[in-house]
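>>> I need the structure of the sequence given here:
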Amino acid sequence: MTNGSETVELRECISNPGFMQQEATRDSLTSTSTSTESTAVGQDPCTEYRQIKPYAGMPKEVLLLYSGQARYRVPRQVLFWLVIACILALLAITIAIVALSPRCLGWWQASPLYQVYPRSFRDSDGDGVGDLRGIAEQLPHFQYLNIKSVWISPIYRSPMIDFGYDVEDFRDIDPVYGTMQDFEELLTQIHNRGLCSDKLL
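Below you'll find the predicted structure:
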């Protein structure tokens with residue numbers, strides 16, 4: 001063969017059996033690894049993770065694979081329905097307690113408490129000092145304000161050194177405010193308007 005000005009002489013090649021054997025071994029190893037890789041590529045991703053145990057930080061595929069198994073799914077469902085049952089039971093118990101228990105508020109908590117200082121509340125006879133009849137005249141005012149409890153300051157017989165708080169007789173009404181009959185009439189009117197006698201202090 002002639003290449004430009006150079007002449008190359010071709011001779012018969014010499015075969016090397018050892019070299020050929022190494023090439024064949026290398027080719028067989030390459031084909032084996034290629035077939036293994038192709039098998040792995042075509043494998044189901046779920047079967048790939050079956051050899052892995054659950055661990056912290058596992059990928060989504062592994063988590064979904066194991067969360068669907070019966071030993072993980074059944075306890076989760078049992079706990080869920082147990083929590084729901086407990087919540088419903090607590091609601092039922094709460095409703096039963098509220099419905100069956102007596103009223104929690106006392107009479108003094110159910111409405112405002114109106115304190116009446118008779119001496120300056122209302123004068124019915126024009127002597128300049130409030131009295132029991134004046135309180136009776138103003139009972140509609142209590143109803144208008146939705147008052148259920150009336151607190152009357154001391155109206156007992158007293159020397160009036162401390163404006164009635166220095167009581168002389170707990171069984172009599174001071175003449176400045178009226179008579180015992182005036183008090184009984186006031187008490188009757190209070191009952192008729194829905195104010196109990198134990199709320200008259």
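>>> can you mark which positions in the helix or strand containing Ala85 are buried?
Using DSSP states H and E, Ala85 sits in helix 70-100. For helix 70-100, the neighbour count (16 or more other CB atoms under 10 Å) marks no residue as buried. (Glycine included, C-beta is placed from N, CA and C.)
>>> right, and the helix or strand after it?
Downstream of helix 70-100, the first helix or strand assigned by DSSP H and E is helix 107-110.
>>> my guess is Gly178 contacts Gly130, does it?
No: Gly178 is beyond contact range of Gly130, at 10.0 Å (criterion: CB atoms under 8 Å).
>>> spatially nearest residue to Glu185 (excluding sequence neighbours)?
Nearest residue to Glu185 in three dimensions, chain neighbours excluded: Ala136, at 6.6 Å (CB to CB, 6 or more residues apart in numbering).
>>> quick one: contacts for Lys148?
Each residue near Lys148 by CB atoms under 8 Å, 6 or more residues apart in numbering is listed here: 107, 110-111, 194-195, 199.
>>> can you rerun that using 10 Å?
Each residue near Lys148 by CB atoms under 10 Å, 6 or more residues apart in numbering is listed here: 107-108, 110-114, 142, 193-196, 199.
>>> from these, which is closest to Trp151?
Using CB to CB, Leu113 comes nearest to Trp151 of the contacts of Lys148, at 5.7 Å.
>>> re the thing from before, what touches both of Gly178 and Gly130?
Taking CB under 10 Å, 6+ apart as the criterion, Gly178 and Gly130 both touch 118, 124.
>>> thinking again about what came up before, now for the contacts of Lys148: which two are most distant?
Spatial extent of the contacts of Lys148 (CB to CB) is set by the pair Trp108 and Arg193 at 18.0 Å.
>>> quick one on the thing from earlier: rounded mean pLDDT for the helix holding Ala85, please.
For helix 70-100, the mean per-residue pLDDT is 92.
>>> same question for stretch 124-143.
Mean pLDDT, stretch 124-143: 90.
>>> contact partners of that stretch?
Residues contacting stretch 124-143 (CB under 10 Å, 6+ apart): 112, 114, 116-123, 147-150, 152, 155, 173-190, 192-195.
>>> confirm that Val150 sits in a helix.
No: judged by DSSP: H, G, I helix; E, B strand; the rest coil, Val150 forms no part of a helix; its state is strand.
>>> number of nearby residues for it?
20 (other CB atoms under 10 Å).
>>> which parts of this structure are strands?
Secondary structure of the chain (DSSP state E): strands located at 2-3, 6-7, 113-116, 149-152, 156-157, 169-173.
>>> need those strands in JSON lines with mean pLDDT and distance to Met58, can you?
As requested, these are exported to JSON lines (pLDDT from 0 to 100; distance: least, CB to CB, whole Å):
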{"stretch": "strand 2-3", "mean pLDDT": "50", "distance to Met58": "65"}
{"stretch": "strand 6-7", "mean pLDDT": "54", "distance to Met58": "68"}
{"stretch": "strand 113-116", "mean pLDDT": "86", "distance to Met58": "67"}
{"stretch": "strand 149-152", "mean pLDDT": "86", "distance to Met58": "68"}
{"stretch": "strand 156-157", "mean pLDDT": "92", "distance to Met58": "85"}
{"stretch": "strand 169-173", "mean pLDDT": "90", "distance to Met58": "84"}
